[in-house]
Every structure is written in C-alpha cells, then in structure tokens.
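Undergrad: Generate a structure from the sequence data that follows.
(one chain, ligands or ions: 1)
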Amino acid sequence: MSVIEVNHLTKYYGKARGINDVSFKVEDGEIFGFIGPNGAGKSTTIRLLLSLIYPTSGDATIFGKDCIKYGPEIRKDIGYLPSEVFYYDRMKVKDLLNYSASFYPGDHTARMHELSELMELELERKIEDLSYGNRKKVGIVQGLLHRPKLLFLDEPTSGLDPLMQRKFFDLIRDENKKGVTVFFSSHILGEVQRLCNRVAIIKEGRIIEIDDIRNLQKDNYKKVQVTGEIDASCFDFPGVTSLEHMDGLVRFLYKGDINVVMRKIAEKTVSDVTIEEPTLEEIFMHYYE
Ligand SMILES: Nc1ncnc2c1ncn2[C@@H]1O[C@H](COP(=O)(O)OP(=O)(O)OP(=O)(O)O)[C@@H](O)[C@H]1O
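TA: Take a look at the predicted model:
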C-alpha cells in the first residue's frame, strides 16, 4: 500500500491556477523529492494533502484513507514543517513546544530535549528574540516531536546555515532509516539529489516527470568531451547536440546508444576522453527550457 496516493488533484483559487490534474504515489519508507520553481504548486499540493485547503476536484489518500474524511486521524501520524513558520511571539520556545506536544498522546519531553540539543535550539528563549533560522529550528523540532510516520517538509532548509543544514539532513536520514516516509519539497536541486530516492518535477501546476533520480540521470543526455587533433564534424550524427570545437577539444551532448560514440572515438587518435552524467540541475534546466 502506498503511503500517499494522489489522484487527478486540481485546485483553483477562484480563477487562479494552484495545481492541475496532479497524480502520483509515494511508497512506504521513501524520501520523495518534489521540485519546481516558485509558484509551481508545491505548497498547494502539501496543503491539500493535509486538508488545510480543499480541492476543486480529484482526491488523495494517506495511509490508505481519504485525506478530507479522515483528516484529523491521519494528521496524528504526520509531521509538517511549513515553508514559513508563524508563532506566538511572546511564548518561550519550551512552552510553545509543550503546547504543540499536548495535542498528541504521550509524554514528549525527552524527545523535545533530544531534538533541541541536536539542532542547538535554546528552549528558554522567547520566540520574538529568535532569528529566522532559529524559528525554523523550532518548526523542525515541532514537526518531529510526536514521532510521525510521515513527514512533510516544505522548503525546510531556508534560513539554516550550512552546518545546521547538514545536521538537519542527518536527522532526516536517521528518521527515514527508522521507517519514516519523507515528502521533501524544494527548489534547491542539490539537496534533493543528496537526499531523495525518487523525484517528481512540477511545472505551472502540472507534474512533468516522476522518476528515480538515477533513471533521470541515466536516461538523459551525457556530456562528452574528447581531446586530440580531431575534426569535430565526425561527431555530427543523430543524438548529438551542442557540438563545439576549440583548441583541440571537442565537446557535445549525446542522447542514445553510448557504443556509437565509443566506436567513433576508437577510430581516432585521442589524448583524453570524459563522459559525464548530467547533474540533476542540468536535467531540471533542460525540462524548464
Ligand atoms: N491563497 C491563494 N490565493 C490565490 N492564489 C494562490 C494562493 N496560494 C497559492 N496561489 C497560487 O497558486 C500557485 C501555486 O502556488 P504555491 O504556493 O503552491 O507554489 P509553490 O510551488 O509552493 O511556490 P513557492 O516555492 O514560491 O512557495 C501560484 O500561482 C500562486 O500564486
């Protein structure tokens, strides 16, 4: 059974497009990346799944249950870090986290201390005295406090310094190893590439690709660079694009059977060859163009 199943979900805010006919599944134990530029519909999708807003059409299930009908029940096992956090400014971090934990059964005090220590969050400080990054940390602790089975992270690293980002990623990986499924929304491709198994790309409210990160790289074009006294035109065959020649170096992009390129190179006398996978960033830009 999939942890999340989204079927033809559409949301219009009046006449404004939120998302359009979005369908995908997230399996148990995955770290699923959801990437797209500003305004693509990432937050809208998450808010619909949490039934904070309602769809225009389509439906979705979490843990096999309808998101709207079983919203309160489902949310007990969900952790959510929104892209922007807003709190009661006058409260102490500790009081806010205790208040938040009180919505869930059990005692979460030990967990609160454990997570705050890890994220270097001072529990005695008032929210109004915290920097943007430290407020984000409150959101992270709050989202994980009740040991959720599914975690929604919406642009989680904005405001965190590189050291904290690394700690945060380690924390998410640890949670995932313990069985937590993670839905990770971001427009920062590097972090999606580092953390996620599978990724969906959303553009202007529609999903344009869903695949394993490795497949995305494998089935995409390769970057080929050959050094030597060669005539670039010998690489002008189907599958080759962006062919460039400069100072004894031929460079091009290739999509197709790599053996064709290898055989062509073997016919020549070359001094160096590199064949590279594109980065997720390059693939992403390719889709957006
Ligand atoms: N409350 C709202 N009223 C009207 N339009 C909205 C509302 N919320 C979102 N939208 C529109 O829906 C579209 C998707 O927005 P959404 O916030 O889901 O995108 P996003 O991918 O999360 O972007 P970002 O990375 O900037 O947060 C945008 O065009 C946005 O302007």
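
Undergrad: Okay, domains of the chain per the record?
TA: According to the TED database, the chain is divided into the following domains: 2-215, 219-288.

Undergrad: Compare the mean pLDDT across those and name the weakest.
TA: If the domains of the chain are sorted by mean pLDDT, domain 219-288 sits at the bottom with a mean of 86.

Undergrad: so who does the closest residue to the ligand within the stretch 101-250 of the chain touch?
TA: Distance from the ligand to each residue of the stretch 101-250 of the chain (CB to the nearest ligand atom) is smallest for residue 187, at 5.7 Å. Heads up, the C-betas are built off the backbone N, CA and C, glycines and all. The contact partners of residue 187, taken as CB atoms under 8 Å, 6 or more residues apart in numbering, are 35-38, 42, 155.

Undergrad: Would you mind measuring from residue 256 to residue 266?
TA: 17 Å (CB to CB, to the nearest Å).

Undergrad: Between these two, point out the one with more neighbours.
TA: Neighbour count, other CB atoms under 10 Å: between residue 256 and residue 266, residue 256 has more, with 13 against 9.

Undergrad: Spatially nearest residue to that one (excluding sequence neighbours)?
TA: Counting by CB to CB, 6 or more residues apart in numbering, residue 256 lies nearest to residue 239, which is 3.4 Å off, once chain neighbours are set aside.

Undergrad: Would you check that the one you found makes contact with residue 255?
TA: Yes - at 5.3 Å, residue 239 and residue 255 qualify as touching, with contact defined as CB atoms under 8 Å.

Undergrad: Those two: which is more packed in?
TA: The neighbour comparison of residue 239 against residue 255 (other CB under 10 Å) goes to residue 239, with 16 against 13.

Undergrad: Now that one: phi and psi?
TA: phi 100, psi -20 (degrees, to the nearest 10).

Undergrad: Report the secondary structure state of the residue nearest the centre of the chain.
TA: The centroid of the chain falls nearest to residue 33 when counting by CA atoms, centre = their mean (3.1 Å). Under DSSP: H, G, I helix; E, B strand; the rest coil, residue 33 falls in the strand class.

Undergrad: can you check residue 39 too?
TA: Residue 39 ends up coil, using three-state DSSP.

Undergrad: Quote the end-to-end distance of stretch 116-123.
TA: 7 Å (CA to CA, to the nearest Å).

Undergrad: what comes up buried for it?
TA: 116, 118-119, 121, 123 (16 or more other CB atoms under 10 Å).

Undergrad: Quick check: residues of the stretch 1-150 of the chain near the ligand?
TA: Residues of the stretch 1-150 of the chain found near the ligand (CB under 6 Å from any ligand atom) are 13, 16, 18, 36, 38-44, 83.

Undergrad: try 5 Å
TA: 13, 16, 18, 38-44 (CB under 5 Å from any ligand atom).

Undergrad: Of the residues you listed, just the buried ones, PyMOL syntax please.
TA: Those of these that count as buried under 16+ other CB under 10 Å are selected in PyMOL with:
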select buried, resi 18+40+41+42+43+44
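
Undergrad: ok, so of the residues of the stretch 1-150 of the chain next to the ligand, who is nearest residue 208?
TA: Using CB to CB, the shortest approach to residue 208 within those belongs to residue 40, at 9.7 Å.

Undergrad: so where does residue 165 fall, helix or strand?
TA: helix 162-177 (DSSP states H and E).

Undergrad: Past that helix, which element shows up next along the chain?
TA: Proceeding N to C from helix 162-177, the next assigned helix or strand is strand 181-186, under DSSP H and E.

Undergrad: For residue 210, list each beta-bridge partner.
TA: Following DSSP bridges, residue 210 is listed with bridge partners residue 200.

Undergrad: residues making contact with the one helix or strand residue 152 maps to?
TA: Applying DSSP H and E as the criterion places residue 152 in strand 150-154. Here strand 150-154 makes contact (CB under 8 Å, 6+ apart) with 3-4, 42-43, 46, 49-50, 62-63, 77-83, 143-144, 172, 175, 180-186.

Undergrad: how much space between residue 106 and residue 182?
TA: Residue 106 is 22 Å from residue 182, by CB to CB.
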